[in-house]
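> Sequence plus predicted model, see below.
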Amino acid sequence: MVNRKNWLRAAAACAGLAIALSAHAGGSETVEVIIQGYKYQPAEIKVKVGTKVRWVNKEKRTSHSVIWSGPMGGLESERFFPGESYEHTFDKPGVYPYVCGPHPEMKGAVIVTP
């Protein structure tokens, strides 16, 4: 038997409505950071506690990662290739700076507010 809730989530994602569904279903929001041209776009974002951030690799040929400094210092995501993404939900206020593992000149920050 198909779980109706999971089916609705999959259908919404296919229709490009994943952000709206996520905000409605779990009370949280999903914000995307696009990686293109060897840049995080936007490089700095401000979100509220409970927000999920998704980094989406839109490059043509290269992988990226997210290496955290600050409160999450030293943790690194797995590399994600063109068309892939990485997600993290922020549950505490603070400033979370990061760089790309293979391309440390790429810098970004997530500012999390209560």
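Arrived safely, thanks for sending. Numbering: from 1, shown residues only.
> List the residues that contact the nearest residue to residue 79 once chain neighbours are set aside.
Nearest residue to residue 79, sequence neighbours excluded (Cβ to Cβ, 6 or more residues apart in numbering): residue 63, at 4.2 Å. (Each C-beta comes from the backbone N, C-alpha and C, glycine too.) By Cβ atoms under 8 Å, 6 or more residues apart in numbering, residue 63 lies in contact with 57, 79, 80, 81, 82, 102.
> before we move on, what about residue 34?
Going by Cβ under 8 Å, 6+ apart, the list of residues near residue 34 reads 40, 41, 56, 58.
> which two of the contacts of residue 63 lie the greatest distance from each other?
82 and 102 (13.5 Å; Cβ to Cβ).
> what is in contact with the two at once?
Contacts common to residue 82 and residue 102, judged by Cβ under 8 Å, 6+ apart, are 62, 63.
> Which stretches in this protein count as strands?
Along the chain, counting by DSSP state E, strands occupy 30-35, 40-41, 44-48, 52-57, 67-68, 85-89, 94-99, 107-113.
> from the chain's centre, how far out does the longest one sit?
Between the centre of strand 107-113 and the centre of its chain there are 11 Å (Cα atoms, centre = their mean, to the nearest Å).
> other SSEs contacting that strand?
strand 44-48, strand 94-99 (3 or more Cβ pairs under 8 Å, 6 or more residues apart in numbering; DSSP states H and E).
> at 10 Å what do you get?
Under the contact criterion of 3 or more Cβ pairs under 10 Å, 6 or more residues apart in numbering; DSSP states H and E, strand 107-113 touches strand 30-35, strand 40-41, strand 44-48, strand 52-57, strand 94-99.
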